[in-house]
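Enquirer: any chance you could fold what I've pasted below:
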Amino acid sequence: MIAINRIYMDYETAPVGVSHIPQFGWEIVSDRRNVKQKYYELQIAEDEDFQELVFDRGRVESEESAHVYVKDVSLKSGKRYYVRAKAGDGQEESSWSDISSFVTALAGKNGEWEDGAPLWKAAFVSAETDDSYKETSKGTYVRGSFDIGKEISEAYAFTTALGLYQFCVNGEKVGDDEMTPGWTSYRRHLLYQTYDVKKYLKQGKNVAGAMLAAGWYKGVMGLTKARNNYGDQTAFSMEILIRYTDGTTQSICTDSSWMGADSPVVFAEIYDGEIYDAGLEIRGWSEEEHPCGHWKPVQMVSFDTEVMRAQYAAKVRVMDRIPAKRIFTTPAGEQVIDFGQNMAGRIEVTAAGKPGDVIELHCFEVLDKDGNVYLDNLRAAKATMKYTFAREETVTWHPTFTYMGFQYALIVSYPGEAKPENFTACTLHSQMESTGRLECSNPLLNQLHHNYLWGLKSNFLDVPTDCPQRDERLGWTGDAQIFCRTASYLVNTYTFYKKWLRDLEVDQTPEGGVPHVIPNIEEGRTDGNWLLSQGPHSAAAWADAAVINPWTMYLMYGDEAILRRQYQSMKGWIDFMRAHSEDNIWNYKLQFGDWVALDAEEGSYFGATPNDLTCTAYYAYSTGLFAKMARALGKEEACEYEELYHKIVKKFQETFFDEEGNMTAQTQTAHIVALYFGLTPKKYIQKTVEGLKRLLDRENGHLVTGFVGTPYFCHALSQNHCLKEAYDLLLKEDFPSWLYQVKKGATTIWEHWDGLKDDGSMWSADMNSFNHYAYGAIGEWMYRVMAGIEADSDCPGFKHAILYPRIGGNLKYTDASYHSVYGDIRVRWETDGDQVALTVEIPPNTTAQICLDEAKTVQESDGLEFVPAENCMKTEAGSGKYRIVFERLMQE
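Expert: A predicted model of the protein is given here:
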């Protein structure tokens, strides 16, 4: 049997709002081994019966079932297209797949489909018509009406805003998206959304409208706590494109006929929460032809539509609904709700009240050592939601234009008796398909996996932020870079990172420097913040996200399109470092170094590893990756950057190793980056490994690394014959360690190894997030090494995988899977003394190298032939499921 399981378009199964001809891919399933596609057929049509074909090339002789591009396709704006495929391997041919679809956004100004600026006709309209709105964060309504007199075939709305918006048609919220249009570098990059609105429209009079709020656009945000960072006036823009059954079309656009009013959202900001006064509601505001209320003509707001791009997936939605686990009274006498999980989102509350009654909740992460409410680590963020009743009724309400990071909520006010069933936490993050699963015989490691997954869920709200709770929540590039590989095992990050990397590109300096945070909300602001005044961009490990993140996308998805898209951005960053280096040693203004390492001086956040070393190490690493990507794209300048890479490595070795092969910086992190980045002279590798082990022993087997060293520590050990030490490090349970947090009851990853100390006291009040995914970067080691699911850089995207689980840690079993663009890859190993039973699954149309860790003899090969190799026995295998039993060499 052979069949096509599902079809992808730009790595999504049903994208809505595509402004380019997507690339296609499909998953093949089969009950046979060694299935390799030999040909395929792909059809695109305007109808589900495939009578109105817009693409049909016929049979194509090709092995490629991902990254399939089509040409000479004529698409229309605001149109659903249907896709199906079939494939054969020479023995069998599949039937046609189930039908998938994609919806187009607006074509470019010349009708092109190249992911560029749309032909945007709609005005931006604002209800903020006087200067009093510039210093407030009130919500507003805008609305307009229009007539429909014919039968509709299809209708799509294209909407966006300056600020946050919620789009309504005839009294109903359109779609499931939240916090639209998301956070981008608005003046250089603004996203618009596409919605199928046929079901919301009716014959006769129709009303469309939006609720607007300040959001990231004009609310107080950033390290400098500035207001109006991108503009001082919220505005909404919409075009509805209607196709009638008689073949005619109509466009309805926001224009000067629209009206505006204040909404019941008295206040809404990202940090401080939302205040809602039901007494200010205008009933029927988005459905009645002549609603009550104080309406006024809108003001037109100018905006450069050349920076607009369509968003087709990875939109923010409510992803989980978590009921309250308990309500309890603290020793201080305060009533608190506990949801049992740290998260990012909002709380939905149900209550019965009378006019003037108030619901008020303050969200927070942890209790203090006495079991009382702890708000200090929120800093200035109020994280408050407040609702005032207008009439006697039972309401179910949640804030709309904010989010909070919390496990707990302080009940400041609530009418009646608060019961757990009255409160539901709703998580908010970008919608991304789950792709990774890992469990093992150690429950603490299983909880660690849970924690870094929830760190992702809490911080991937349109932008990869550092934390979701305090007055920061910024797209720190360093956090995004070190966690990228882990994130890409856990979920399908392609669209999410593609969007964020666009902001990184447009926010780069003219020289190619990369800001510390993306979107760069701090641009041009240095007053009042020591960090920005010292240097607002281009820190090693942080800025290297410009190169490392696209490389990770390439490894995980095999996609050259992301390399082409980001090529100039990557090149700009490498050239910036080259321009500011001296004799191939790179350093520049403010550097974070091995941030919050435990070997920092008392009172400092900066680790002991010298900046010259960490900067030059990353300069070499990123240059080497860029040279590989240039080579993959067939760029002539690949040779130039390969030569530059070798020069930097040579200088690194001459500078940071002495004549006897010792590293000049005797820190764990110095040894880690030298080993993992391949910067150690070959003759000194073993000495460097021994040096790292010695430094580890000095700390009684504990790490003292920060943001630079921690992600690669276990790799540096396991890649250099120190697997036991790597497992020992992972499995440490006392401070400092990953499992210390787990044993302290953590449900997410903490910012500091000892955010909560043994005595119950806190690390600090000013910078102590309990939801900070960066140290969750250990996840990639657990997938790549412990589970052994590794990408092959010579054949990326898991077209050829390396399945090499490393047995250790006294684990009885590890069971993991990763859903690649070709299908599920699964590895399960179980131990019984020195005997290991290994089960692997390789998806059709791919191959894999299977390595048996420290194998002595193979007892059951399942038809495979294994040959001896360094520290293992290995073989090549085609698709299928295999069970291998082998005996390992006696382990210590």
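Enquirer: low pLDDT regions in this structure?
Expert: 526-528, 530, 891-892 (pLDDT under 70).
Enquirer: next one: whichever strand or helix holds residue 238 to chain centre, how far?
Expert: Residue 238 is part of strand 235-244 when elements are defined by DSSP states H and E. What separates the centre of strand 235-244 from the centre of its chain is 30 Å, taken as C-alpha atoms, centre = their mean, to the nearest Å.
Enquirer: which parts of whichever strand or helix holds residue 827 are buried?
Expert: Under the criterion of DSSP H and E, residue 827 resides in strand 823-832. By 16 or more other C-beta atoms under 10 Å, the buried positions in strand 823-832 come out as 823-831. All C-beta atoms are positioned from the backbone trio N, CA, C, and that covers glycine.
Enquirer: hey, what's residue 397 bridged with?
Expert: Using DSSP bridges, the beta-bridge partners of residue 397 come out as residue 349.
Enquirer: show me what contacts it?
Expert: 276, 348-349, 359, 387 (C-beta atoms under 8 Å, 6 or more residues apart in numbering).
Enquirer: between these, which is nearest residue 464?
Expert: Of all the contacts of residue 397, residue 348 has the smallest distance to residue 464: 25.8 Å, by C-beta to C-beta.
Enquirer: wait, doesn't that closest one sit right on residue 422?
Expert: No - between residue 348 and residue 422 there is no contact under C-beta atoms under 8 Å: 9.4 Å.
Enquirer: among the two, which residue is more densely surrounded?
Expert: residue 422 (21 against 16; other C-beta atoms under 10 Å).
Enquirer: my read: the more buried one touches residue 352, true?
Expert: No - the pair residue 422 / residue 352 is not scored as a contact, 9.6 Å apart, by C-beta under 8 Å.
Enquirer: mind listing what's buried in stretch 228-236?
Expert: 229-236.
Enquirer: got the contact list for it?
Expert: 124-128, 133-134, 140, 142, 159-163, 165, 186-187, 210, 212-214, 216-218, 221-222, 254, 299, 301, 303, 521.
Enquirer: just the ones of those residues in strands?
Expert: Mapping those onto strands (DSSP state E) picks out 124-126, 140, 142, 159-162, 165, 210, 212-213, 299, 301.
Enquirer: if we can go back for a sec, dump the C-alpha coordinates for the strand holding residue 238 into CSV.
Expert: Listed next in CSV are the C-alpha coordinates belonging to strand 235-244 (Å, rounded to 0.1, in the frame of the first residue of the first chain):
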residue,chain,number,x,y,z
ALA,A,235,-6.4,53.0,13.0
PHE,A,236,-8.1,50.2,11.2
SER,A,237,-8.0,49.3,7.5
MET,A,238,-10.3,46.8,5.7
GLU,A,239,-11.2,45.6,2.2
ILE,A,240,-13.9,43.0,1.7
LEU,A,241,-13.8,41.5,-1.8
ILE,A,242,-17.1,39.9,-2.8
ARG,A,243,-17.6,37.6,-5.8
TYR,A,244,-21.2,37.2,-6.8
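Enquirer: make 12 the starting number, not 1.
Expert: Sure, I'll start numbering at 12, so the last one becomes strand 246-255.
Enquirer: next, the distance between the ends of stretch 174-190.
Expert: 9 Å (C-alpha to C-alpha, to the nearest Å).
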